[in-house]
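sequence and predicted model, in that order:
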Amino acid sequence: MKPVNGSLRTVLVVEPQRLVRQALVAAIDAAPGLAALDAVASGARAREGIDAAVIAARSLGHGWVGLLEAATNAGGPVVMIAEHGPYEPSVDTRGIIVVSRQTPLSAVITCLQAGPTCVDDLPVWHVDSTPTDRMLSVRERQVLGLLASGLSPAQAARALDITTYTVRDHIKSIRTKLDRPTTMSAVLEAIRLGLLRVEQA
């Protein structure tokens, strides 16, 4: 499928993981009618001349929000890769196409090739943004992160400058919110839910 105007569509790729970013750039470059622009390699030039974008949601926490705005203003399709996004491409209330990391790359490329009209044919993705009892507080995430890295409750308490009793209260609260009997199972559940991210070396 060629772009509507028959010209090459420049797709900005924003992804914090280098290997994933390189794979996305290579796949998009190989697709007819598309040319990929690596946001990290382009630096300040990344906002210039883009027609579409593929942006990992986790990148927004690393200061790439301006690029999302630039891509949206460009008028082309913007694909957001969300950790817990829908498997099939869907559109959110802002007109951004939302996918997950399990969505086939071919489906993402089809949306990029189709252009902004692609969103008219996609289902609407509704996100329940109301807080639930499974949401962890900032301090609970800090405690869980330290425990996940191998620290004992006493070591986590020293690292956070709080008492061991407070850490134990946080652990009890975390296990209750995540409905898990042990700290290790709570860590695994938090990772599964995306509440705790394990950084790759």
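Happy to help now that I have it.

roughly how far does residue 60 sit from residue 14?
9 Å (CB to CB, to the nearest Å). Yep, even glycine has a C-beta here, placed from its N, CA and C like the rest.

which parts of the lowest-mean-pLDDT helix or strand in the chain are buried?
Here the helix or strand of the chain ranked lowest by mean pLDDT, DSSP states H and E is helix 65-73, holding a mean of 71. Within helix 65-73, the residues that count as buried by 16 or more other CB atoms under 10 Å are 67, 68, 70, 71, 72.

and which of these is nearest residue 34?
Using CB to CB, the shortest approach to residue 34 within those belongs to residue 71, at 14.1 Å.

for the residue nearest in space to the middle of the chain, which non-adjacent residue is spatially closest?
Most central in the chain under CA atoms, centre = their mean is residue 57, positioned 2.8 Å from the mean C-alpha point. In space, and not counting its chain neighbours, residue 57 is closest to residue 82: 4.5 Å by CB to CB, 6 or more residues apart in numbering.

please enumerate the strands of the protein.
For the chain, the strands defined by DSSP state E occupy 9-14, 34-38, 52-56, 78-81, 90-91, 97-99.

any idea which of these gets closest to residue 113?
Of all these, strand 34-38 comes closest under CB to CB, at 6.5 Å.

for the closest one, which strands pair with it and how are they oriented?
strand 9-14 (parallel) (DSSP bridges).

fine by me, we can end here.
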